[in-house]
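Engineer: heads up, no residue letters with this:
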């Protein structure tokens, strides 16, 4: 059910010390969903946000360094930042400075290593040597060219090939003209001598090692930065709430929010203790879109929450809680859409192995995957589908568990399609009955019963038009009776005639939409059948002509693994596309749920 909310107007002292302390208490209380009057803007927010980014960067840097065996002893020679004033900031600055130094040293090392490799490839020739030749009127230019390019210039006397490097020719152009060049990529010479490069590289490596030791010693104090980060995040959250409120005369600041009805007493006790001003009232109709939604449902129905979170589905405050119906039918649809018992067993095994690697931690995602895997396994047994192999389905023990009319091989397709339409009619009927229960104190509930009659009339006409199953004579009366109830009771109000005409005007289009909604459930049959056919096709590709050699056996195994793996991925995607759609559009449309709500997110600080 959707938890009833109370509207809150909260007043606190505006002094910097009081508001920080009071909002910290409010955040630790964690019950008020704050609706800001204005975007939170202030220089202090920007400063704290910048500091948070620096701290996160510094912590990431230190986490890459594992203190050595002597790190604790060495750290005793270093500063004890925990005892310093603003020690966390000093540590932060030192880490960032050391990291900046490390990056500069790494860049220098890269350049020096490149120069050293150049000398190894071209010889001990320096920039100064070439400058001396230039003074005597001789210019040398170095190039790397491939064999085809070399053929174009091989006849020139001032071209010398001095070696080969990675399949490319090392070419030297000797010229008395300073401007003469070849139309190839020229190789630049290092500006330093070989001896200088070796010395500088050794110095750089030594400085880099010392810098890394410093960062390793500083990593012992990483917890100080973690604590500082937690404090800055608290300040950031508090500042965002603080400046989202409205100040009066620089003395009082006001906020608007919402509290679950069952938590009002907990809030009022804290408010009285800390001398906060507050007004608690019922949200008005105009504020219904602003009221957050908190859904409390049975533990088994909570398993569908990861799917709803993934799709961003939050019912409005005045809408229905559809979690139970969503969970039941989504589980059922998943079984039909995948529909292979062997696939279900694979999903179940994968879920178990992942869950075991997480030491069987209690997570709702694992509960959902176990449930869906069992549903797939169950439907696969009923339809006799095991890796799309008919031979497995004919094993006597498995064949006795199969429902012949629903069987993937040799089943009654007309019966199966009619069954899908029946599921659709039941699904949509549940939606209208939920709306009827919502309006149980209003005549609008009678209109919903009229819609139930129309839904079943549409089911009969769909069965006749699509499957050729003759509709009973009372089908007409379902439409007539249902239309009459919808017209008379959908829009009760001051003007009875006006409401009835409005309902009748919308009725034809609504009936057409209902017809297409029931037709949509045929996708369960079509997608489930495609999964079976793809599995059977891969089986035929792999072992249709038999396995006579080792090579053919390996090839068959690869085809089966790849094919069925791909089929399982496509089936999982079909669940997200079709299984969610039938709940989110068809059912939700008939239940009057637009998922237009915003989730209840109370202002909460970590303890």
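Structural biologist: Nice, thanks for sending it over. What you see is a predicted model, and the numbers here were worked out from it, not measured in a lab. Numbering: from 1, shown residues only.
Engineer: what's next to stretch 451-464, contact-wise?
Structural biologist: By Cβ atoms under 8 Å, 6 or more residues apart in numbering, the residues outside stretch 451-464 that reach it are 418, 421-422, 424-425, 428-429, 432-433, 436, 469-472, 475-476, 478-479, 481-483, 485-486, 511, 514-515, 518-519, 590. Where you see a C-beta, it was placed from the backbone N, CA and C, and this is true even at glycine.
Engineer: let's see it at 6 Å
Structural biologist: 418, 421, 425, 428-429, 432, 469, 471, 475, 478-479, 481-482, 514-515, 518 (Cβ atoms under 6 Å, 6 or more residues apart in numbering).
Engineer: Kindly report the same for stretch 182-202.
Structural biologist: Here stretch 182-202 makes contact (Cβ under 6 Å, 6+ apart) with 112, 115-116, 118-119, 124, 126-127, 141-143, 145, 173.
Engineer: switch to 7 Å and redo it
Structural biologist: 109, 112-113, 115-116, 118-119, 124-127, 130, 141-145, 149, 153, 173 (Cβ atoms under 7 Å, 6 or more residues apart in numbering).
Engineer: if we can go back for a sec, any of the contacts of stretch 451-464 buried? List them.
Structural biologist: 418, 421, 425, 428-429, 432, 471, 475, 478-479, 481-482, 514-515, 518 (16 or more other Cβ atoms under 10 Å).
Engineer: biggest separation within those, which pair?
Structural biologist: Across these, the longest distance by Cβ to Cβ is 23.5 Å; it joins 418 and 481.
Engineer: Would you mind pulling up the elements that whichever strand or helix holds residue 540 packs against?
Structural biologist: Using DSSP states H and E, residue 540 maps to helix 522-543. Secondary-structure packing of helix 522-543 (3 or more Cβ pairs under 7 Å, 6 or more residues apart in numbering; DSSP states H and E): helix 323-338, helix 413-438, helix 550-574.
Engineer: and residue 275, what pLDDT?
Structural biologist: As predicted, residue 275 sits at a pLDDT of 90.
Engineer: ok, it - how many residues close by?
Structural biologist: Residue 275 has 10 neighbours, counted by other Cβ atoms under 10 Å.
Engineer: Same check on residue 167?
Structural biologist: When neighbours are defined as other Cβ under 10 Å, residue 167 has 8 of them.
Engineer: got it, and residue 394?
Structural biologist: 13.
Engineer: who touches the helix or strand hosting residue 56?
Structural biologist: Using DSSP H and E, residue 56 maps to helix 43-63. With contacts defined as Cβ under 7 Å, 6+ apart, helix 43-63 is touched by 92, 95-96, 99, 215, 218-219, 222, 225-226, 228-229, 232-233, 235-236, 239-240, 243.
Engineer: among those residues, which are in strands?
Structural biologist: Among those, none falls in strands (DSSP state E).
Engineer: Out of those, which end up buried?
Structural biologist: Using 16+ other Cβ under 10 Å as the burial test, these include 92, 95, 99, 215, 218-219, 222, 225, 228-229, 232-233, 235-236, 239-240, 243 as buried.
Engineer: Helix, strand, or coil at residue 141?
Structural biologist: strand (DSSP: H, G, I helix; E, B strand; the rest coil).
Engineer: Is the nearest residue to it once chain neighbours are set aside part of a helix or strand, or is it coil?
Structural biologist: Closest residue to residue 141 apart from its sequence neighbours, by Cβ to Cβ, 6 or more residues apart in numbering: residue 173 at 4.4 Å. Under three-state DSSP, residue 173 falls in the strand class.
Engineer: contacting residues around residue 173?
Structural biologist: So residue 173 contacts 140-141, 143, 158-159, 182 (Cβ under 7 Å, 6+ apart).
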